[in-house]
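# Structure for this input, please:
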Amino acid sequence: MELKKYNVDSFNLDHRKVVAPYVRVAAKKQGEKGDVVTKFDVRVCQPNKEFMNTGALHTMEHIIAEYLRDEIPGVIDFSPMGCRTGFYLTVWGDVDEEYIASHLIPVFKKVIDWTGEIPAANEIQCGNYRDMDLEGAKKFAKKWIEGISKKGWSAFPDGL
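Okay, here's the model as predicted:
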């Protein structure tokens, strides 16, 4: 069966062929003045097999989005995927997956070790501050680090 090609890069990915967790270049765009923006698929859960509950996903987003900027210069955005299997990370520059994966590890470790208040988890700074799950976030952060440590960062470990 031949599928329609879409304007959204991730809609054209065969989600049956990737092995989570991973870091994958989802898109790379060059502006009129030569500036490059790279978007990464930071997958935590195996597509169509598992997903994060919204509280865990939301908690990870708050902690990682805040502290990611200490590890990776030029972060534009860190956003959860609607399917709840991972995140999109967008950065300035032509950066590779290995660099991103290695710099995400200490940030995911911050989630695992987190004991304080979740950054910006209040009604002034967040639109759904009550939907937080720190224990779930820790579980998924640990799963991501263990998977990356065991199999590496590639979405296609068998070279597909």
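
# Identify the residues contacting the helix or strand containing Ala141?
Element membership for Ala141 (DSSP states H and E) is helix 134-151. By CB atoms under 8 Å, 6 or more residues apart in numbering, the surrounding residues in contact with helix 134-151 are 19-23, 44-45, 52-53, 55-57, 59-60, 63, 101, 105, 108-109, 111-112, 114, 118, 157. In this view, the C-beta of every residue, glycine as well, is placed from N, C-alpha and C.

# Please pick the buried ones from those residues.
Taking 16 or more other CB atoms under 10 Å as the criterion, what is buried in those is 19-23, 44-45, 52, 55-57, 59-60, 63, 101, 108, 111, 114, 118.

# I'd like to know how far the residue lying closest to Gly86 once chain neighbours are set aside sits from Glu50.
Nearest residue to Gly86, sequence neighbours excluded (CB to CB, 6 or more residues apart in numbering): Arg43, at 3.9 Å. According to CB to CB, to the nearest Å, Arg43 and Glu50 sit 11 Å apart.

# More neighbours: which of those two?
A count of neighbours by other CB atoms under 10 Å puts Arg43 above the other of Arg43 and Glu50, at 24 against 13.

# Model confidence for that one, exactly?
Listed pLDDT for Arg43 reads 97.

# Distance of it relative to Thr59?
Applying CB to CB to Arg43 and Thr59 gives a distance of 18 Å.

# those strands in this structure, which residues are they?
22-30, 36-43, 75-80, 86-92 (DSSP state E).

# Thought Pro47 was touching Val18, still the case?
Yes - in this structure, Val18 is within contact of Pro47 by CB atoms under 8 Å, at 6.5 Å.
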